[in-house]
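In: Sequence and computational prediction follow.
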Amino acid sequence: MTTSTPDSRRRIYTRPQTLVDRSTHFCPGCGHGIIHRVVAEQLDEMHLTPRTVGVASVGCSVFLYDYLAVDVVESPHGRAPAVATGVRRVRPDAFVFTYQGDGDLAAIGTAEIVHAAARGEQISVIFVNNGIYGMTGGQLAPTTPLGERTSSSPTGRDARQAGYPIPITEMLALLPGVAYAARGSIADPAWIGKTKAMLKRAFEAQLAGEGFSIVEILSTCPVGWGLTPVESMEHVARDVVQTYPLGVLKDRPQARTANAPEG
Amino acid sequence: MTGSPELLAAPTPLAQPIHPVLMKGNEAMAEAAIQAGCDAYFGYPITPQAEILEWMARRMPELGRTFVQAESELGAINMALGAASTGARVLVSSSGPGISLMAEAMSYMAGSELPMVLINVMRGGPGLGSIGPAQSDYFQATKGHGHGDYRVPVLAPASIAEAMALVADAFELAERYRTPVMILADGVIGQMMEPVDPTYRTPPRRSADWALTGADDRPPRAVRSLQLQPEALEAHGRRLQAKFATIAECEVRWAGEQLEDAEIVIVAYGTSARVARTAIERAREDGLRVGLFRPITLWPFPSAALSAVAADRRAILVVEMSSGQMLEDVRLAIDGGFPIFFHGRTGGMVPTPGDVVEAARQAWAATGPDDEPDPLSLIELGERSSVVTR
């Protein structure tokens, strides 16, 4: 048995360099904190921060520029994939990601996400799905599972009135321009690790010019859901995954993209 | 007189080309943007500006520059927003219905101070309207587009040569003031062909210490318009307003023709000014002394110059391809000083020189020494109406 002295202690869990050391505006138990952290870790591990331009969307996610030490442009609601397209096309050396919520990506921004994917834009999309409009007070989102109560579906989502939750990542995976599509979760440590690996693969796809990549991350909104943080995690792990199964939906390095590098 | 007196002496559009090439307005503007150093173009098909998109589709890839046909005008202008945030020189073009969709991002770009040039080739409205030429989007261009408290410079060409020059000027203005700039053309300017000297200008690049190039050996940057703290947003708004005041002070442009002895001053821009120019020649043959005041910047509107020019004249006649939009700015500039008459055609109809001569004649008659104008009366001009305002 070896003994360790204080001098030999090694700190194995530190704040990623790209994660700014400050308090956040997020509610207690919000999933954004975890996701920001894994994104920052991944950017650090791949040494991407100096060449990164992030695209912040509208919603709780907008303050990306306060928490990640990368260049960030703020997009109008839903338009982040178009903004990212503009950045990436004129800066082919940049690493470009969007960070979008489910209202932003799967409702108001459906045209932009579908066509960025269809063009095979060399961007990575981090899609945070908590099934609710958190910033505006917890309204029904396109991704809200059937039966879930929100401030604008007070008796629970009824398909006859509000239609069905939209599995948009599966839809995007059908497109030839998409190199990588996966769905992870922050509901437990194991899935946080797997989600980070998904981010890594998505980022690699962009760097290799393989095409569009997206990682959907099931997240929580304890305040919007009316649950405690722990109950929220359990809800994701037990219930939300029934509507949104976890796993890699597509991983095809040679996507047919419109703007892949020559050669 | 304030404004640009040199233009009064030598109006740009009257200069004859020395080595003329026949060019279509839309294509000439597109090529002028390319020669001005445009790095990226994003567009969506809409009549009457589709030739800009088509020209760029061919030329930009040839030059190794960026061209994307977007999924919508929303997509196009947000691509422009992204590209502009990195410091690229960016062009977008559209027409009324598409400009309405672009209004959202115009507001964001004004708020986050991103340079961009937007060519708006006006067609008839409202709604789907028509694809014929019109000037019905003056309000949209000069008073609004998107939400919030902001202004955007608007340049109105009256010839293809001038349109080409203004495209280069627009990039320079956009980058000098970090603002979107709109070229407000109409379907006639976009679609007609005209002999021009293919002379181009490439404005010098300015250092962009705000551009998103990656936080490499410097602190991260954010291009943003969100300021949740009221004090912060008010301070940001004040800074923007100070910038707009500087633009209004320094960037006013207008041109005058045959103003020296004019008793009736026609105020018109773009295609209407061309019609007015012909009408003025005819009116003068009949002994009617008419001149032209042609705003080139619609915002900032040349109010002080117009006010000065108008002093001691008999009347002002505003001619537009709208129901009277610039008319409101003319009234503000004149501030009740003396009679203002209006002649407008809409829906894709273009005023004829004969109609304008007749309107000038009636303005003359209504303001004679023995004939006090009735501020509220209507003068019938054939099937059209002109409103006598005051």
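Out: Arrived safely, thanks for sending. Numbers count the residues shown, from 1 in each chain, chains lettered A, B, ... in the order given.

In: which secondary structure elements does the longest helix along chain B contact?
Out: Secondary structure of chain B per DSSP state H: the longest helix is helix B:230-250. Judged by 3 or more C-beta pairs under 8 Å, 6 or more residues apart in numbering or on different chains; DSSP states H and E, helix B:230-250 is in contact with helix B:96-111, helix B:160-177. In short, each C-beta sits where N, CA and C put it, glycine included.

In: model confidence over that helix, on average?
Out: Averaging pLDDT along helix B:230-250 yields 97.

In: now the angle between helix B:96-111 and it, please.
Out: 110 degrees (axes from the mean of the first three to the mean of the last three C-alpha atoms, to 10 degrees).

In: Please save the CA atoms from helix B:230-250 in CSV.
Out: The C-alpha trace of helix B:230-250 is given here as CSV (Å, rounded to 0.1, in the frame of the first residue of the first chain):
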residue,chain,number,x,y,z
PRO,B,230,-32.2,49.0,-18.0
GLU,B,231,-29.3,51.3,-17.2
ALA,B,232,-27.1,49.3,-19.6
LEU,B,233,-29.6,49.3,-22.4
GLU,B,234,-30.3,53.0,-22.0
ALA,B,235,-26.6,53.7,-22.2
HIS,B,236,-26.2,51.5,-25.2
GLY,B,237,-29.2,53.3,-26.8
ARG,B,238,-27.7,56.7,-26.1
ARG,B,239,-24.5,55.6,-27.8
LEU,B,240,-26.4,54.4,-30.8
GLN,B,241,-28.3,57.7,-31.0
ALA,B,242,-25.1,59.7,-30.8
LYS,B,243,-23.9,57.6,-33.8
PHE,B,244,-27.1,58.3,-35.7
ALA,B,245,-26.7,62.0,-34.9
THR,B,246,-23.2,61.9,-36.4
ILE,B,247,-24.5,60.2,-39.5
ALA,B,248,-27.3,62.8,-39.8
GLU,B,249,-24.8,65.5,-39.4
CYS,B,250,-22.1,64.2,-41.8
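
In: What are the buried residues along it?
Out: For helix B:230-250, the neighbour count (16 or more other C-beta atoms under 10 Å in any protein chain shown) marks B:236, B:240, B:243-244, B:247-248 as buried.

In: same check, this time on stretch A:241-257
Out: Under the neighbour-count criterion of 16+ other C-beta under 10 Å, stretch A:241-257 has A:241, A:243-244, A:246, A:248-251, A:255, A:257 buried.

In: next one: stretch B:127-143
Out: Neighbour-count burial for stretch B:127-143 [16+ other C-beta under 10 Å]: B:129-130, B:132-138, B:140-142.

In: Then stretch B:178-198?
Out: B:178-192, B:194, B:196.

In: so, in contact with chain A or not, it?
Out: No: using C-beta under 8 Å from any C-beta of the partner chain, stretch B:178-198 never reaches chain A; the gap is at least 13.7 Å.

In: Tell me, please, where in the chain the pLDDT is lower than the cut-off.
Out: Looking at chain A here, since you left the chain open. A:1-7, A:254-263 (pLDDT under 70).

In: meant chain B, my bad for not saying
Out: Those would be B:1-17, B:369-390, if you go by pLDDT under 70 across chain B.

In: Chain A contacts on that one?
Out: B:39-40, B:42, B:66, B:68, B:70-72, B:74-76, B:78-86, B:88, B:90, B:104-105, B:108, B:112, B:212-217, B:219-226.

In: Can you say which of those are buried?
Out: Going by neighbour count (16+ other C-beta under 10 Å), those have B:39-40, B:42, B:66, B:68, B:70-72, B:74-76, B:78-86, B:88, B:90, B:104-105, B:108, B:112, B:212-215, B:220-226 buried.

In: Is the residue of chain A found nearest chain B in a helix, a strand, or coil?
Out: With C-beta to the nearest C-beta, the shortest gap between chain A and chain B falls at A:Gly86, namely 2.8 Å. Classification of A:Gly86 using DSSP: H, G, I helix; E, B strand; the rest coil returns helix.

In: how far away is the spatially closest residue to it that is not a sequence neighbour from B:Val68?
Out: Nearest residue to A:Gly86 in three dimensions, chain neighbours excluded: B:Gly82, at 2.8 Å (C-beta to C-beta, 6 or more residues apart in numbering or on different chains). To B:Val68, B:Gly82 is 11 Å away according to C-beta to C-beta, to the nearest Å.

In: Common neighbours of those two, please.
Out: A:85-86 (C-beta atoms under 8 Å, 6 or more residues apart in numbering or on different chains).
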